[in-house]
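Peer 1: just a sequence and a predicted model for now, questions to come.
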Amino acid sequence: MAGSIFGRQFCISTWGESHGKGIGVVIDGCPAGLPLSEEDIQKYLDRRRPGQSQYTTSRNEGDKAEILSGVFEGKTTGTPISILVANTSQRSQDYSEIASYYRPGHADYTFDQKYGFRDYRGGGRSSGRETIGRVAAGAVAAKLLSELGVSLSAYTRSIGPAEIDYDRFDEHEIRRNPVYMPDSQAAEQAMIYLKECMREKDSVGGVVECVVRGLPAGLGDPCFEKLDANLAKAILSIGAVKGFEIGSGFGAAKLRGSENNDPFVNRGNGIEKERNNAGGTLGGISDGSPVVLRAAIKPTSSIAAKQHTVNQDGENIEISVHGRHDPVIVPRAVVVVEAMTALVLADALLCGMSARMDFVRKIWGK
């Protein structure tokens, strides 16, 4: 299976299956001298860990990160960083029934068509548990970014019909409620709606928003390695994501040029923009303003409500999916979106070091 490697300079390779012995990632290209501990990674993994509320799967995994290589005396050595998270709460018997049919919304059918074989235990590599490697690597990327004054904040913008009001935006509220919304009233509405969906054995989707501050202008390349294009690929590579937008996004299609353009201004502190419809990029290159992106997350595919499907013999059947599943993926996807964003930005920063001769001179002192 190809396609498990991401990045050019800050490069990651994820591995492992949902019901295998463990999940992990190898990071290649992280500079030496970055302070890094297992605790730095654990903070990120704890945000996506299952079993934290009634709105997540009851699968009880500790998701403890173990650094196997690439760190010595609390700092990265410049060699590959290998991180392992053991699986400790597999219940593969919950999935034995689905070996004979294709679950709606899942990759069962497409895996069979591509490989002629699939790991039906929780979906294997197509499981949401695959994102553990991404999050662990994203924690390292975020640590690198923080050393350079770049910060990321991701949160739930909406769940079903419940959407945050920016007039009530409180960043401290994000970690205070189980749906990771920066608006307590919207969070309460979302939880009421979630309980209704759970009573009906159904699931719901939503939107995750991520804001990056402190990113310098000049990152990204103008053609096939545009910063926004790489962000789109990274976010859309998350299994549950069905849509991506940056800045005004699809809303730009309804605006006039005079409304959508971001006028430049110099108020004495250098060039800046009066507004940020572009979402922090112009021509595929960062413009120094906050990067604002959004990911549309689909409803959880595994639901207990009755659904129609077909089995491997092509026969029409009716199923009800059993097992431990999230009624909503959005809250646990927040940190995954943040991690993938961090990976793209760390890679862009390292790649951008070779864009100009004066950058090269600063490094080599010639």
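Peer 2: Perfect, I can see it now. Residues are numbered from 1 along each chain as shown.
Peer 1: helices or strands up against the longest helix seen in the chain?
Peer 2: Secondary structure of the chain per DSSP state H: the longest helix is helix 330-352. On a contact count with 3 or more Cβ pairs under 8 Å, 6 or more residues apart in numbering; DSSP states H and E, helix 330-352 meets helix 38-48, helix 131-147, strand 151-159, strand 206-213, helix 227-236, strand 291-297. Quick note: C-beta positions are derived from backbone N, CA and C, even for glycine.
Peer 1: can you say which of those is nearest to P331?
Peer 2: Distance to P331, taken as Cβ to Cβ, is lowest for strand 151-159 among the helices and strands packed on helix 330-352, at 6.2 Å.
Peer 1: what lines up beside that closest one in the sheet?
Peer 2: strand 162-163 (antiparallel), strand 206-213 (antiparallel) (DSSP bridges).
Peer 1: so, low pLDDT: which residues of the stretch 251-366 of the chain?
Peer 2: Scanning the stretch 251-366 of the chain for pLDDT under 70 picks out 323-324, 366.
Peer 1: quick revisit: C-terminal to the longest helix of the chain, what's the next element?
Peer 2: Next helix or strand after helix 330-352 toward the C-terminus (DSSP states H and E): helix 357-364.
Peer 1: go through the strands paired with strand 151-159 and pick out the most buried.
Peer 2: Counting by mean count of other Cβ atoms under 10 Å, strand 206-213 has the highest mean neighbour count of the strands paired with strand 151-159, with a mean of 22.
Peer 1: can you tell me what sits against that strand?
Peer 2: 150-160, 163, 190, 280, 290-297, 328, 330, 333-334, 337-338, 341, 345 (Cβ atoms under 8 Å, 6 or more residues apart in numbering).
Peer 1: quick one, it and helix 330-352 angle?
Peer 2: 40 degrees (axes from the mean of the first three to the mean of the last three Cα atoms, to 10 degrees).
Peer 1: quick one: closest of the helices and strands packed on helix 330-352 to E66.
Peer 2: helix 38-48 (6.8 Å).
Peer 1: could you pull out the buried residues of that closest one?
Peer 2: Neighbour counts over helix 38-48 (16 or more other Cβ atoms under 10 Å) mark 38, 40-42, 44-45, 47-48 as buried.
Peer 1: so which of those comes closest to I27?
Peer 2: I27 lies nearest to I41 out of the buried residues of helix 38-48, by Cβ to Cβ, at 10.6 Å.
Peer 1: got the contact list for the closest one?
Peer 2: By Cβ under 8 Å, 6+ apart, the residues touching I41 are 65, 67, 83, 136, 139-140.
Peer 1: neighbours around H325, how many?
Peer 2: Using other Cβ atoms under 10 Å, H325 has 21 neighbouring residues.
Peer 1: my guess is it meets P299, correct?
Peer 2: No. Using Cβ atoms under 8 Å, H325 is not in contact with P299, being 11.0 Å away.
Peer 1: what touches both of these two?
Peer 2: When contacts are counted by Cβ under 8 Å, 6+ apart, H325 and P299 are jointly contacted by S203.
Peer 1: now list the buried members of the contacts of strand 206-213.
Peer 2: Buried members of the contacts of strand 206-213, scored by 16+ other Cβ under 10 Å, are 150, 152, 154-160, 163, 190, 280, 290-297, 328, 330, 333-334, 337-338, 341, 345.
Peer 1: so where is the stretch 51-200 of the chain shaky, pLDDT-wise?
Peer 2: Scanning the stretch 51-200 of the chain for pLDDT under 70 picks out 51-61, 89-96, 122.
Peer 1: can you give me the strands in it?
Peer 2: Shown for the stretch 51-200 of the chain, the strands assigned by DSSP state E, counting those that start in this stretch span residues 65-69, 71-72, 75-76, 81-86, 151-159, 162-163.
Peer 1: residue contacts, L219?
Peer 2: Contacts here follow Cβ under 8 Å, 6+ apart; on that basis L219 touches 227, 285-286, 345, 348-349, 352.
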